[in-house]
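Enquirer: Below: sequence and its predicted model.
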Amino acid sequence: MPTLAVLIAWAAVLAYHDWRWRRLPNWLLAFGALIGAIHWAAHGVMPYGAPPLDGLLAALLALVVLWPAYRLGWMGAGDVKFLATIGWLGGHQVLLTVFLAGALVGGLLALAILAPSLANLFAGAELSARLRRRVPYGAALATVLIALSAMRLYSS
């Protein structure tokens, strides 16, 4: 499936952007949504096999459920929009899979960022400085999406 290969490349670019600049550009997210729309027009289903209505409902679910997390400062707006795009591309099953596995990968990434500070836990300043850095959660989500896409690509 050439669409999955394009989605792997798209997710890799998003992961790089989030890792390097801690941003998920709207134009890149819109490009992913466009890939889904083109695939739907050509094949009648979304790239991961979900019906278009399931993709639309999953995207809306991601926005409604995760927007408060953005408003509280727990995640970035780009992460919310990225999960909505993932919902659009794959429906509720892919959204749930990427959300849960991405949370695990993101947690491990946060621990890796903090690991050098754990030895100096009582030194305060270093840990405080590291905590101010944003964890590139979009990169964790993209990594999971790449793995999921690769598994689907090679199993077909």
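Expert: Thanks, I have it. Numbers count the residues shown, from 1 in each chain.

Enquirer: D79 against A139, yeah?
Expert: No - in this structure, D79 is not within contact of A139 by Cβ atoms under 8 Å, at 10.0 Å. From N, CA and C alone the C-beta is placed, and that goes for glycine too.

Enquirer: isn't T85 right up against L29?
Expert: Yes - between T85 and L29 there is a contact under Cβ under 8 Å: 5.2 Å.

Enquirer: which regions of the protein lie under the pLDDT threshold?
Expert: Residues of the chain meeting the criterion pLDDT under 70: 1, 116-133.

Enquirer: Where do the strands of this protein begin and end?
Expert: Remark: strands of the chain are absent; assignment by DSSP state E.

Enquirer: who touches the residue most central in space within the chain in this structure?
Expert: The residue lying closest to the centre of the chain (Cα atoms, centre = their mean) is L141, at 3.2 Å. If you count contacts by Cβ atoms under 8 Å, 6 or more residues apart in numbering, L141 has them with D79, F82, L83, I86, V98, F99, G102, V105, G106.

Enquirer: Now with 6 Å, please.
Expert: F82, V98, G102 (Cβ atoms under 6 Å, 6 or more residues apart in numbering).

Enquirer: same thing with G90?
Expert: Y48, A50.

Enquirer: same thing but 7 Å
Expert: M46, P47, Y48, A50, G55 (Cβ atoms under 7 Å, 6 or more residues apart in numbering).

Enquirer: By neighbour count, which of the residues you listed wins?
Expert: Within the contacts of G90, neighbour counts (other Cβ atoms under 10 Å) peak at G55, which reaches 28 neighbours.

Enquirer: I'd assumed W88 was in contact with that one.
Expert: Yes - if you go by Cβ atoms under 7 Å, G55 and W88 touch, sitting 4.7 Å apart.

Enquirer: Tell me the residues that contact both of those two, please.
Expert: G36.

Enquirer: ranges for the helices of the protein?
Expert: 2-21, 26-43, 52-71, 77-118, 125-132, 137-155 (DSSP state H).

Enquirer: and P52, how many residues sit next to it?
Expert: Neighbours of P52 using other Cβ under 10 Å come to 17.

Enquirer: and L114, how far is that from G107?
Expert: 11 Å (Cβ to Cβ, to the nearest Å).

Enquirer: Kindly report the same for L141.
Expert: 12 Å.

Enquirer: cool, R152 as well?
Expert: R152 is 25 Å from G107, by Cβ to Cβ.
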